[in-house]
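Participant: Kindly generate the corresponding structure for this input.
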Amino acid sequence: MPARERGKYLFPWRDGNRFELLVDGRQFFPRMLEAIEKAQRYVLLEIYLFESGAVATRFIDAFVCAASHGVKVKLLLDDFGALGLAPRDRERLVQGGVELLLYNPIHFSKHLRNMLRDHRKLLIVDGEVAFVSGAGITDEFDLPEDPEQSWRETATRIRGSVLVDWQEMFVRLWNRHAPNPLELPVPAPLAEADDMRGRVTVTTALARQDIKRSLYNRVRHAKRRVWLATAYFVPSRKVRRALKQAARRGVDVWLLLPGPYTDHPAIRHAGRRFYTGLLRAGVRIFEYQPRFLHAKTILCDDWVSIGSSNLDRWNLRWNLEANQEVEHAAFGESVKIMFDEDFLNSIECLYETWRRRPWHARLREHLWGRVDMWLESLGRRKGAQ
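Facilitator: Model prediction:
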């Protein structure tokens, strides 16, 4: 661990954990629902997207069932991200004994403060197990009619000492906005934990940038590889420079980015304007082809970061984000194997080919790049207020 990382983060590195890599909703949704079904004391969910559909119905059934057995069920939903949750589903949750709290309700009088969103994705059950990912409770991550086109996502199942920090993060935010404070027992250490080190890193809009700082430090100190998957790639100049410098000193800097499938084409065009400089520096760029790549995963040597945070300036400036970091050779190898398969399902952008892309592609990059810069300047003005 680079010496500069010590003492600058909200939460410390902790030993005594067990992390399990889960790929796609068809893997992690059943494990999450199983944990909710086994809950004895409490279930905590903090999530951005929660939209009515087949997946949401499965979770609502599980939440209501748990509450009917005396389990405390607390859902902290982002108000904007939950716009797609139908009134009938909200009513069913409340009538079923589930406590629902909406983060930053949208109102015209808030002006730019409406942009501050809770983008985290976290489920905690009984202080014994947690799930962290980039997924929402929506059908896109487990399409009932076309599962092969479900969005590509990555999660980690967590047990052990870092649950203390995940739970503290949730309780802090809940108590800041709920009428009644939430008091929970401190999660107990795992009796037979693997020797796996982990740390929770967070972004709290303009106030704290642990995720970006950690990434930057890891890229600067990487020896073998920097493999990075993100759904929205609009990195800061500082991060771009670190990626280029790592590639120039011989590190394998490989970016896994969305291909033709994306829910925000404008962001893809804005980010593609950086390809030329990165490719020239020796960074390899792969665009994922089979479906929408929504995962947020970083592998630097044996250090891994998985969670809610994309590598775009909007996320880092306006959102609450949270990632699970893991430093363990075997876990890093499992993430490497996952990346290997994703790279095989991608098309690499080569420098000479990229230089010959058509004029209309360059125009889209330029126009959406101008929008990105305008939004960035808007964010800077907000931060100065």
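Participant: Now do the domain split for the protein, please.
Facilitator: By the assignment in automatic domain parsing, the chain contains the domains 7-194, 200-384.
Participant: Mean pLDDT lowest where, among the ones you listed?
Facilitator: If the domains of the chain are sorted by mean pLDDT, domain 200-384 sits at the bottom with a mean of 91.
Participant: Turn the domains of the chain into CSV, columns for mean neighbour count.
Facilitator: Just so you know, the C-beta spots here come from the backbone N, C-alpha and C atoms, and that holds for glycine as well. Shown next, in CSV, are the domains of the chain (neighbours: other C-beta atoms under 10 Å):
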stretch, mean neighbour count
domain 7-194, 18
domain 200-384, 19
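Participant: Correct me if wrong: residue 67 contacts residue 95.
Facilitator: No: using C-beta atoms under 8 Å as the test, residue 67 is too far from residue 95 to be in contact (10.0 Å).
Participant: Could you name every residue contacting both of these two?
Facilitator: When contacts are counted by C-beta atoms under 8 Å, 6 or more residues apart in numbering, residue 67 and residue 95 have no shared neighbour.
Participant: tell me the contacts of the nearest residue to residue 62 once chain neighbours are set aside?
Facilitator: Leaving out its chain neighbours, the residue that sits closest to residue 62 by C-beta to C-beta, 6 or more residues apart in numbering is residue 36, at 4.3 Å. Neighbouring residues of residue 36 by C-beta under 8 Å, 6+ apart: 43, 59, 62-63, 66, 123, 125.
Participant: Which of those fall within strands?
Facilitator: In strands, judged by DSSP state E, the following of these are found: 43, 123, 125.
Participant: roughly how far apart are the first one and residue 73?
Facilitator: Per C-beta to C-beta, to the nearest Å, residue 43 is found 5 Å from residue 73.
Participant: Give me the most central residue, the chain.
Facilitator: Centroid check for the chain by C-alpha atoms, centre = their mean gives residue 308 as the closest residue, at 1.2 Å.
Participant: is it true that that residue touches residue 134?
Facilitator: Yes: assessed by C-beta under 8 Å, residue 308 is found in contact with residue 134 at 5.4 Å.
Participant: Next, show the common contact partners of the two.
Facilitator: By C-beta under 8 Å, 6+ apart, the residues touching both residue 308 and residue 134 are 121, 296.
Participant: in which helix or strand would I find residue 184?
Facilitator: Following DSSP states H and E, one finds residue 184 outside all helices and strands.
Participant: Next, the contact list for it, please.
Facilitator: 42, 127, 167, 171.
Participant: ok, now which ones touch the second one?
Facilitator: Translated: residue 127. 41-42, 163, 167, 184-188.
Participant: For residue 295, state which of those residues is nearest.
Facilitator: Closest approach to residue 295 among those (C-beta to C-beta): residue 163, at 22.8 Å.
Participant: That closest one and residue 133, how far apart?
Facilitator: With C-beta to C-beta as the criterion, residue 163 and residue 133 are 16 Å apart.
Participant: Could you do residue 348 as well?
Facilitator: 27 Å.
Participant: what does residue 161 give?
Facilitator: 20 Å.
Participant: can you map out the strands along the stretch 101-250 of the chain?
Facilitator: With strands called from DSSP state E, counting those that start in this stretch, the stretch 101-250 of the chain shows them at 117-118, 122-125, 129-133, 154-160, 196-204, 208-209, 225-229, 233-234.
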